[in-house]
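>>> Turn this into a structure:
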Amino acid sequence: MYYIDYHTHTKLSPDGEVPLMEMAEAAVKAGLAELCVTDHYDLVDQDGKPEPNAYDWAPALEQWREAAERYRGRLTIRLGMEFGSANRYPDRARATLDQPELDFVIGSLHNLTPEAGARDFYFVDYTAPEVCYACLDDYFAQMLRLAPLPDYDALGHIIYPLRYMCMRDGQTVSLDRYWEQIREILRTVVQTGHAIELNTYNGRTTTDWLPVLKSYKEVGGELITVGSDAHRTENVGKGVPEAYELLAQAGFRYVTLYEKRQPRPVKL
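Got it, this is the predicted structure:
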């Protein structure tokens, strides 16, 4: 089986811990065939303020080139980015991604809009269901605006806020009221030639994706990547085999790889 992990972070991410070389070694031990490093770059900070600094490509390219060469023949390593809030500043987004060696871009949302408080969803205290639903209202409204933009390859972790609302803060919330919006988002992804990602959150949320996958399939979706969202070596590849099984259960026959921003399907 050609296992991939297309969502990983190194020490170049604000919340990362280790160099790419160590993540690559963990990927080999986990039985992966391909690893994509997708370090964070958000156009806003954790408080929602514009991030004034351009992305520093030099260290990202240096560690990627070194690791790709060292692991040649044992592991394919792709250069990616998890790009946050492209919908806020599309002109800056396109300038940031003008990098010829870039293989893959995850388009993510991590922050509320300024009107909703602007904070990163991670830092919200989900004290009641009403708080959760207000944040989800904002999140999916933003995603509707992000989905048609050209500044990403795969739409990132569509069910992202639930990991903090439910798993961390113990709230019981449902996506039932959002399925019309989610289906519209997924239709837009299909119509614009983008992919979605199945994000296992280090193997903790794999089965939660089944309703999204079924909806994506129903609207004609085919392009889909798989990623662990690992920030540490012990989480590289976590949940990937289970994600492949879930994709097959939902009717998918392929997982999608990217090279120089171009998709390539590989049989499950």
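>>> Determine the longest helix present in this protein.
Looking across the chain with DSSP state H, the single longest helix is helix 129-146.
>>> just checking, what packs against the very next helix or strand once past it?
Using DSSP states H and E, the helix or strand that follows helix 129-146 in sequence is strand 154-155. Packing contacts for strand 154-155, counted by 3 or more C-beta pairs under 8 Å, 6 or more residues apart in numbering; DSSP states H and E, involve strand 104-108, strand 195-199. All C-beta spots, glycine's among them, are computed from the backbone N, C-alpha and C.
>>> again, only using 6 Å
For strand 154-155, the contact count by 3 or more C-beta pairs under 6 Å, 6 or more residues apart in numbering; DSSP states H and E identifies strand 195-199 as packing neighbours.
>>> so what strands line up beside the strand it packs on?
Next to strand 195-199 in the sheet, as set by DSSP bridges, lie strand 154-155 (parallel), strand 224-227 (parallel).
>>> Could you dump those strands into CSV and include mean pLDDT?
What follows is those, written out as CSV (pLDDT from 0 to 100):
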stretch, mean pLDDT
strand 154-155, 98
strand 224-227, 98
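>>> what separates residue 168 from residue 121, distance-wise?
Applying C-beta to C-beta, to the nearest Å, the value for residue 168 to residue 121 is 11 Å.
>>> And those two? Which one has more around it.
residue 121 (20 against 11; other C-beta atoms under 10 Å).
>>> Give me the pLDDT for the more buried one.
At residue 121, the pLDDT value in this model is 94.
>>> Could I get the contacting residues of it?
residue 161 (C-beta atoms under 6 Å, 6 or more residues apart in numbering).
>>> got it, and residue 59?
By C-beta under 6 Å, 6+ apart, residue 59 lies in contact with residue 12.
>>> so it is in which element?
Residue 59 is part of helix 57-70 when elements are defined by DSSP H and E.
>>> What confidence value was assigned to the nearest residue to residue 236 once chain neighbours are set aside?
If the residues on either side of it in the chain are set aside, residue 236 comes closest to residue 26, at 4.1 Å by C-beta to C-beta, 6 or more residues apart in numbering. Here, the pLDDT recorded for residue 26 equals 98.
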